[in-house]
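Engineer: need coordinates for the following:
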Amino acid sequence: MSKNEKKPGEKLVTRAKDLRFKWDVSETYEAGLALMGTEVKSLRDGRANLKDSYCRFKDSELYIVGLHISPYPFGTHVNHEPERPRKLLLHRRELQRLQSKVAERGFSLVPTKLYFKEGRAKLEIGLAKGKKTHDKREELKRKTQDREMERAMKKYR
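Structural biologist: Below you'll find the model as predicted:
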């Protein structure tokens, strides 16, 4: 199964498209989200954006900051704030492990995709290090070469 394929029972809401270009992700974790009712309805409509969002620890709890979930159009005066920090739900051991890695090794926690699994909203977060500029350039060169090789191979088929 490739990294872009859906697993059975999952409904993809959104994913970070340029994440693999900017970050080198070593591990991924699945976290639940503490959401309001109108946020869940907006997510089911696919109205979310992971761009410029990141995860941050506050008092040994993990929050996602910058996740934009558009207000539900049929909501009342109780509609949610679009970019409020939302609490991520992980096991205590996972939280402690992630907090120690982020603190000592220069890793960051970045959201990779947002989806529904068995009716519950889940966020996949990755433990990642930022790529250097020269690494990004090498990756672009490699992709261009691969594309040119594919074109050349099609001519000879």
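Engineer: contacting residues around the helix or strand hosting Glu139?
Structural biologist: Under the criterion of DSSP states H and E, Glu139 resides in helix 133-155. Helix 133-155 is contacted from outside by Phe21, Lys22, Asp24, Lys131, using Cβ atoms under 8 Å, 6 or more residues apart in numbering. All C-beta atoms are positioned from the backbone trio N, CA, C, and that covers glycine.
Engineer: now do Pro71, the pLDDT please.
Structural biologist: With respect to pLDDT, Pro71 scores 87.
Engineer: hang on, it packs against Thr38?
Structural biologist: Yes - Pro71 lies in contact with Thr38 (Cβ atoms under 8 Å); the separation is 7.1 Å.
Engineer: how many neighbours does the residue nearest to Gln96 when sequence neighbours are not counted have?
Structural biologist: Once flanking residues are discounted, Gln96 sits nearest to Ser60: 7.7 Å by Cβ to Cβ, 6 or more residues apart in numbering. Neighbour count of Ser60, defined by other Cβ atoms under 10 Å: 9.
Engineer: name whatever forms a beta bridge with Ala31.
Structural biologist: Leu123 (DSSP bridges).
Engineer: pretty sure it contacts Leu90?
Structural biologist: Yes - here Ala31 reaches Leu90: they are 5.0 Å apart, a contact under Cβ under 8 Å.
Engineer: neighbour count winner among the two?
Structural biologist: More neighbours surround Ala31 than the other of Ala31 and Leu90, with 22 against 18 (other Cβ under 10 Å).
Engineer: contacts only, for the more buried one.
Structural biologist: Leu62, Leu88, Leu89, Leu90, Lys122, Leu123, Glu124, Ile125.
Engineer: show the buried residues in the residues you listed.
Structural biologist: Leu62, Leu88, Leu89, Leu90, Lys122, Leu123, Glu124, Ile125 (16 or more other Cβ atoms under 10 Å).
Engineer: which residue is the nearest non-sequential neighbour of the first one?
Structural biologist: When the adjacent residues along the chain are set aside, Leu62 lies closest to Leu88, with 4.4 Å between them (Cβ to Cβ, 6+ apart).
Engineer: from the contact counts, what lies against the helix or strand hosting the one you found?
Structural biologist: Of the helices and strands defined by DSSP H and E, Leu88 is found in strand 86-89. Secondary-structure packing of strand 86-89 (3 or more Cβ pairs under 8 Å, 6 or more residues apart in numbering; DSSP states H and E): strand 23-33, strand 61-65.
Engineer: thank you kindly, that will do.
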